[in-house]
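Asker: no sequence for this one, just the structure:
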């Protein structure tokens, strides 16, 4: 199966049953909160999301491959397990770098909002908690 099709399916069922075999063992991951190397650490992060976030969802808006780079545009959302269960939305994009074997060697996420915007959604969910 083509890596684009695999990624589309992974986004649809995120964070459950992700296809870790498409990542190089020493994949480099970075987002506004994390920076690390290794597919095992990546699995731990996905497991954390699956364990602690309520109703996590990754909506894929666009995916395209340009040579050895794949770019995805998405919105990550979840309910935070606070008494008022705010729905949090993080719109963003990822740049995935591929090696000569077609494995993902770098996965860098960018957010279209600040970390402060995410904190504000927890506090003022009725005011700004709707999807952008």
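Answerer: Received, thanks. Predicted, not measured: the structure shown is a model, and the values here were computed from it. Numbering: from 1, shown residues only.
Asker: list the contacts for residue 6?
Answerer: Residues in contact with residue 6 (C-beta atoms under 8 Å, 6 or more residues apart in numbering) are 19, 22. All C-beta spots, glycine's among them, are computed from the backbone N, C-alpha and C.
Asker: in the helix or strand harbouring it, which residues are buried?
Answerer: Assigned by DSSP states H and E, residue 6 belongs to helix 3-13. Neighbour counts over helix 3-13 (16 or more other C-beta atoms under 10 Å) mark 3, 7, 10-11 as buried.
Asker: quote the end-to-end distance of stretch 95-112.
Answerer: Across stretch 95-112, the terminal residues are separated by 14 Å (C-alpha to C-alpha, to the nearest Å).
Asker: for it, buried residues please.
Answerer: The neighbour-count check on stretch 95-112 (16+ other C-beta under 10 Å) flags 96-98, 103-107, 109, 111 as buried.
Asker: hmm, back to that, just the buried residues of helix 3-13 now: which is nearest residue 41?
Answerer: Proximity of the buried residues of helix 3-13 to residue 41 was ranked by C-beta to C-beta; the top entry is residue 10 with 17.5 Å.
Asker: isn't the closest one right next to residue 18, touching?
Answerer: Yes. With contact defined as C-beta atoms under 8 Å, residue 10 counts as touching residue 18 (5.2 Å).
Asker: tell me which strands and helices the next helix or strand after the helix holding residue 6 is in contact with?
Answerer: Moving toward the C-terminus from helix 3-13, the next helix or strand (DSSP H and E) is strand 23-30. Here strand 23-30 touches strand 35-37, helix 39-52, strand 104-111, going by 3 or more C-beta pairs under 8 Å, 6 or more residues apart in numbering; DSSP states H and E.
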